[in-house]
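**Student:** coordinates for the following, if possible.
(4 chains)
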Protein chains: 4
Amino acid sequence: MNRPIRVGILGAAGYGAGELLRLLTQHPAAQVASLVSSSQPDAPVAAMHPHLRGFYDGLRTTAKLDLAALLDGAHAVVFSALPHAVSGAAIVAVLSEAKSRGAGERIRVIDLSGDLRLRDEAMHARHYPDSPPLPERRGASVYGLPELFREQVRAARCVANPGCLATAAILAAAPLVVGDAAAVEGAIVIDAKTGSSGSGRQLKETTHHPTRHADFRAYKPLAHQHEGEILQAWGDPRGDRLELSFVAQSMDVSRGIFATVHLSLRTPSSSDELRQRYAAFYDKCPFVRVVADTPTLQDVVGSNFCDVSVACRGRRVIAMAALDNLVKGMAGAAIQNMNLMCGLPETAGLWSPSLRPV
Amino acid sequence: MNRPIRVGILGAAGYGAGELLRLLTQHPAAQVASLVSSSQPDAPVAAMHPHLRGFYDGLRTTAKLDLAALLDGAHAVVFSALPHAVSGAAIVAVLSEAKSRGAGERIRVIDLSGDLRLRDEAMHARHYPDSPPLPERRGASVYGLPELFREQVRAARCVANPGCLATAAILAAAPLVVGDAAAVEGAIVIDAKTGSSGSGRQLKETTHHPTRHADFRAYKPLAHQHEGEILQAWGDPRGDRLELSFVAQSMDVSRGIFATVHLSLRTPSSSDELRQRYAAFYDKCPFVRVVADTPTLQDVVGSNFCDVSVACRGRRVIAMAALDNLVKGMAGAAIQNMNLMCGLPETAGLWSPSLRPV
Amino acid sequence: MNRPIRVGILGAAGYGAGELLRLLTQHPAAQVASLVSSSQPDAPVAAMHPHLRGFYDGLRTTAKLDLAALLDGAHAVVFSALPHAVSGAAIVAVLSEAKSRGAGERIRVIDLSGDLRLRDEAMHARHYPDSPPLPERRGASVYGLPELFREQVRAARCVANPGCLATAAILAAAPLVVGDAAAVEGAIVIDAKTGSSGSGRQLKETTHHPTRHADFRAYKPLAHQHEGEILQAWGDPRGDRLELSFVAQSMDVSRGIFATVHLSLRTPSSSDELRQRYAAFYDKCPFVRVVADTPTLQDVVGSNFCDVSVACRGRRVIAMAALDNLVKGMAGAAIQNMNLMCGLPETAGLWSPSLRPV
Amino acid sequence: MNRPIRVGILGAAGYGAGELLRLLTQHPAAQVASLVSSSQPDAPVAAMHPHLRGFYDGLRTTAKLDLAALLDGAHAVVFSALPHAVSGAAIVAVLSEAKSRGAGERIRVIDLSGDLRLRDEAMHARHYPDSPPLPERRGASVYGLPELFREQVRAARCVANPGCLATAAILAAAPLVVGDAAAVEGAIVIDAKTGSSGSGRQLKETTHHPTRHADFRAYKPLAHQHEGEILQAWGDPRGDRLELSFVAQSMDVSRGIFATVHLSLRTPSSSDELRQRYAAFYDKCPFVRVVADTPTLQDVVGSNFCDVSVACRGRRVIAMAALDNLVKGMAGAAIQNMNLMCGLPETAGLWSPSLRPV
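**Tutor:** So this is what the prediction gives:
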């Protein structure tokens, strides 16, 4: 198969990379050419991701990106699935090396970490105190949420892939908040729930099975780092106008995010009217489905869909979004961005439904 | 064992009755004397509740309450675990029959349904359109939340046991809302999550295992019947002053409710200050524990505890409560009410910790 | 897209049909042309299977199969996902009608029920007492397990798709049992575990979420209907030579089967030796992966893989297999059979990895 | 409250100690007097076990056992919940120190680890190669399974508490195997399934939530260390007569063990006949319930019950047992042993049903 997009992945042993690899098995145009892992160098794919036995035979990790392998094609794309505070600098290094090889024009990079997401200096420092500032790179990156910034993504060299909780929250309420700041009154409540895979592959007390099973708990109430990018995506990058009440909460599921957004409109409306507004707003967005009832994890898990719905009584609104944190909240969104950056159909390799029942 | 409180249970085959029976195995003073089931008449306890094999040997359901068996003791208590729209009338019938036997003074009744909870006529009609109005009985019933109405419960003949979601929501924010209506500004958001056992023993599409497993979804946004009793418990029985944004949501757990309440104070505060206020407010409440971090289902499941916590940033507050819907949200609360109505220690038979890990 | 295989599905509202539809969204050559549901006639796909919103737009169920629509193409394939005792007769009717239209040669049928699986009269009567005998149709059907009967499937007009538990059990031990009946001594123990989706979409007490959550239990010990097809596939259709100890057990998962087979060899061996025998046996089987450690549900759920492994100490052997009951145990296997019957690559539309983590 | 049994616990931070503490809150006669943790010295109980907030106020861990506190009462009991390879030596040290204080007669010890379980030297060395041999202490210890060795437990100074998988396996088939070795023919298959809490509180890859959720897998097929004590309890301490095929398997539950034992009788029998034999065998065992259908985790989780059942067809038998690994498989069994060793009713503090639904 002649796949013209040659792909490299940094941080190959984690869940983000595993999901990129899973999804790319179905991609018509992308071929994984280089796989980098410092923790598991010289490892075959199946040693890190046993479900991929039988795929990617012959491919092994290296300790460093093989740029030559990438540049031997029509497109060269690098995904960084490295952790926060490490990823941004790795991206800078890749771009710099490519430039020194005279291939700066031909490479596209997509950062799955939070290092390059926030434009505002103070916001970045507040939410990512351990990340290097990298002001130029941050300034030149595009926030990779195609539903709001499709044209910018198409033109981008470097995309900062959105956070998973942020994606759900932003899409749940964007039709009410974006473009008409005066439409909403008072604080916007974002009550977000997440599965355990969002916490990554590293062992943690909060993702110890006996701790997590049959449990539900909150963490970081009023102090979560995704606040910054939600505000920015909604048009308030410094948090001057909008007030948020954000809480993240842990569910006993592995995949899935459900964001419930409560807000108050300045003028009364109805569920029907808002549903129409949502349908119009997301008209050109293949992966956002406006549903009449309520979104469910089962309708999105394993897929790149984000299902949204909205209920209204007078001025009060409850908007909801469901997505798979590893797909639309991470690797699927990254491939969606790659598609746009490389001039492919937005849905290439991603047009498949969720598992139901799961 | 000489147990002076003789107990009857209506609706013996459901989860509510099963949980009453489970908890009463540990009660030092109560003895189940009559068990009524129309769907499973003449059944031994273990046929309905197999985990109770070895307990209640010899006890069988009857089609009608055996009042004589109950009145043969120091106290006669009837729990109704019948469904909404049926339970209230059954309670009226029991009280009437007891009165006709000259035993009206000696009987106490506790209704686990929603039929008798709401004082306000319009609220009752709105939230329980299928329930008979029963205005006198509703007027004479006490809302059985000891943490707010302990003295009224002690004196009550007839207690309306609170709803499970309502209990969690009310207790999460009561220290901020009760007694000082002016302290809160704007709408109060109640984002509630519940396990499947709260939907009862009857088979339903939403509690079909393949539908519910690994899922999360919302239901009745801005339209849940527990709004009424929350407003009433917070001192606004007609909903004149407080505005709620309430949503119920389904988790893939069987037991457990987690309520997250978001609100805005008129004057800024801090987490520490509010935590102290909570500690003072619940000082005499053995089953409410104010925790520093966040409540968890694992710390309450199987027990009668409701754990609460509060976080504050400026004027924004997120308050949380966790409880077991079948214990503190239902059967445990009912026994707590029975203890108070019968002059026993509030904690009798209920002072045991949750299962952790569960 | 020109898809030359035109497909009809009977029993469109159930899980089997939902999974066929899910998988067929990814198939390069098949197109769903007719969808039949007696319980939900004239329904769009998303009304029955909400995760398929956005796929199959315009397709609606009918009360009867649209044979004309099917026969308008190079291949006509009918899947029956109807319940046991109904499906076999429906297949007969379809074949008969096609024949009367002179299209008997051009149609292929695949029955997902148990009605046509067993060759032996007595076995059929014992395990499917409610199914019609249909001796001619049963005799002319091929048991659709390509790993053992690939050439027969290629040539078949009518395939009886294997049971999900049976598939796992058969594949776990086939390399030890098939072709050398004398190799095994004593009874073969099959200890099988299954997820809830295998019980279907109809509400049942055993798949009530509060009943199933965090539970594990056995059912039909020494009395399960899949015994018959396991014996038949292993070469003992009347159960004359092999003795089984089979039990099915319910797990708190939705998808997934794990079969553990314990047996005794006549001559001692080792894990390594047997692993090599397995690798050779399954050499031409793309969907069976012999793994060194132990199979896991996470490595197969959502995919058409059946992972197997084997451990040996002296003469004792424990062989294991894991698969997704709705894919390799049902709809995926059916499509694999369709591919073979229509001369396509065996893996067409099915070559994708599982979700991990799930 | 005057509780005459003074208790010390070694290894206070783990799940075993947490469960001892949970259960002892309900014990009428035992009082925790000393709590030892090297990893968390000087910690209040709730810091290690947050669900115990409000219980054990004032009690803190120490780095070393406070023998004086224990010996200030009618009975002194030490539970060791330390890990394998550490626990046995700690027990020896405690006994030695007590003797040097002239209190050797007054102390009873119960070891929850595997260090002292196996009498046979070779078996011990094979299954616990890292444990010190401690031949005298091992020889003087009693295997604490009251259902088989009640009188020995009553008289014991030092009890080796059984393993959780072993308890389930032993009790499932004891009525068929114990006392009549000739009754069973061929290998005995033990197909055991366990929840994650049995793997302890330490973080492990196999108990990482995204790894364990919705999964099922096997481990240590034909190589599990509990084989030794099962053989010993069934009367074959050196493994001379009985042949086992044992596999342990991981479920996506936190608490619970389900053991399925398949075996062949020399002479045919029936389910009814065997059920009667079971009922007679366990007649004096309050915590073993012989059930007609199949055991379930929900009927035992949180309780000290072990439910067993048996099915028979000709000579083939499938016997099953379910229990809570932290209660009847660990801490509950330990308290049951304590009760016997101290002359209390066997059920003291343990007579409570499981949570259902859970």
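
**Student:** near chain B, which residues of the stretch 151-300 of chain A show up?
**Tutor:** Contact residues (C-beta under 8 Å from any C-beta of the partner chain) of the stretch 151-300 of chain A with chain B: A:186-187, A:189, A:191, A:193, A:210-211, A:213-219, A:221-223, A:243, A:245, A:247, A:249, A:251-256, A:258, A:260, A:262, A:264, A:294-298. For the C-beta atoms, the positions are set from N, CA and C on the backbone; glycine is no exception.

**Student:** mark which of the residues you listed are buried, thanks.
**Tutor:** Neighbour counting by 16 or more other C-beta atoms under 10 Å in any protein chain shown classes A:186-187, A:189, A:191, A:193, A:210-211, A:213-218, A:221-222, A:243, A:245, A:247, A:249, A:251-256, A:258, A:260, A:262, A:264, A:294-298 among these as buried.

**Student:** out of those, which are close to chain D?
**Tutor:** On the criterion C-beta under 8 Å from any C-beta, A:210, A:211, A:213, A:214, A:252, A:253, A:254 are the entries of these that sit beside chain D.

**Student:** pLDDT value on the last one, please?
**Tutor:** Residue A:254 carries a pLDDT score of 98 in this model.

**Student:** how about the residues of chain A near chain C?
**Tutor:** Applying C-beta under 8 Å from any C-beta, we find that chain A lies next to chain C at A:15, A:18, A:22, A:25-26, A:49-55, A:196-197, A:213-214, A:254-255, A:286, A:289, A:291, A:296, A:298-303, A:305, A:307, A:326, A:351-358.

**Student:** follow-up on the earlier one: just the ones in helices from the residues of the stretch 151-300 of chain A next to chain B, please.
**Tutor:** The helices, defined by DSSP state H, take in A:210, A:211 from those.

**Student:** now render the ones next to chain D among the buried ones among the residues of the stretch 151-300 of chain A next to chain B as a markdown table, adding distance to residue B:318.
**Tutor:** Supplementary listing: those in a markdown table, determined by distance: C-beta to C-beta, whole Å:
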| residue | distance to residue B:318 |
| --- | --- |
| A:210 | 27 |
| A:211 | 22 |
| A:213 | 25 |
| A:214 | 23 |
| A:252 | 21 |
| A:253 | 22 |
| A:254 | 25 |
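
**Student:** tell me the two of those residues that are most distant?
**Tutor:** A:210 and A:253 (16.0 Å; C-beta to C-beta).

**Student:** got the contact list for stretch A:212-223?
**Tutor:** Here stretch A:212-223 makes contact (C-beta atoms under 8 Å, 6 or more residues apart in numbering or on different chains) with A:196, A:206, A:245-252, B:193, B:251, B:253-256, B:258, B:260, B:294-298, B:301, B:311-313, B:316, B:318, B:320, B:322, B:357-358, C:213-214, D:196, D:209, D:252-254.

**Student:** next step: these restricted to strands.
**Tutor:** Judged by DSSP state E, the contacts of stretch A:212-223 include A:245-250, B:193, B:258, B:260, B:311-313, B:316, B:318, B:320, B:322 as members of strands.

**Student:** now for those residues, which pair is the farthest apart?
**Tutor:** Maximum pairwise distance among the ones in strands among the contacts of stretch A:212-223 (C-beta to C-beta): 22.6 Å, between B:193 and B:313.

**Student:** give me the mean pLDDT for stretch A:97-107.
**Tutor:** 93.

**Student:** for stretch A:220-228, that is, sorry about that
**Tutor:** Confidence over stretch A:220-228, taken as the mean pLDDT, stands at 93.

**Student:** how near is residue A:149 to chain B?
**Tutor:** According to C-beta to the nearest C-beta, to the nearest Å, residue A:149 stands 28 Å off from chain B.

**Student:** buried residues, whatever helix or strand that residue lives in. List them.
**Tutor:** Using DSSP states H and E, residue A:149 maps to helix A:146-155. Neighbour-count burial for helix A:146-155 flags A:146, A:147, A:148, A:149, A:150, A:153, A:154 (criterion: 16+ other C-beta under 10 Å).

**Student:** mind checking pLDDT for residue A:180?
**Tutor:** For residue A:180, pLDDT reads 81.

**Student:** the lowest-mean-pLDDT helix or strand in chain A: how far from the chain's middle?
**Tutor:** Every helix and strand of chain A was ranked by mean pLDDT, DSSP states H and E. The lowest is helix A:67-71, at a mean of 92. Relative to its parent chain, helix A:67-71 has a centroid offset of 25 Å by C-alpha atoms, centre = their mean, to the nearest Å.

**Student:** please apply the same query to stretch A:31-44.
**Tutor:** With C-alpha atoms, centre = their mean, you get 22 Å for stretch A:31-44.

**Student:** how about stretch A:269-279?
**Tutor:** For stretch A:269-279, the distance from its own C-alpha centre to the chain's C-alpha centre is 26 Å (C-alpha atoms, centre = their mean).

**Student:** now do the helices in chain A.
**Tutor:** Using DSSP H, the helices assigned to chain A run over residues A:15-24, A:45-48, A:67-71, A:87-100, A:121-127, A:135-140, A:146-155, A:164-177, A:209-212, A:227-233, A:271-281, A:332-341.

**Student:** next, format the ones you listed as JSON lines and append distance to residue C:122.
**Tutor:** Formatted as JSON lines, the helices of chain A follow (distance: least, C-beta to C-beta, whole Å):
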{"stretch": "helix A:15-24", "distance to residue C:122": "47"}
{"stretch": "helix A:45-48", "distance to residue C:122": "45"}
{"stretch": "helix A:67-71", "distance to residue C:122": "63"}
{"stretch": "helix A:87-100", "distance to residue C:122": "66"}
{"stretch": "helix A:121-127", "distance to residue C:122": "71"}
{"stretch": "helix A:135-140", "distance to residue C:122": "75"}
{"stretch": "helix A:146-155", "distance to residue C:122": "62"}
{"stretch": "helix A:164-177", "distance to residue C:122": "57"}
{"stretch": "helix A:209-212", "distance to residue C:122": "47"}
{"stretch": "helix A:227-233", "distance to residue C:122": "67"}
{"stretch": "helix A:271-281", "distance to residue C:122": "59"}
{"stretch": "helix A:332-341", "distance to residue C:122": "52"}
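
**Student:** tell me which of those helices lies nearest to residue A:81.
**Tutor:** Proximity to residue A:81 (C-beta to C-beta) singles out helix A:15-24 among the helices of chain A, at 3.5 Å.
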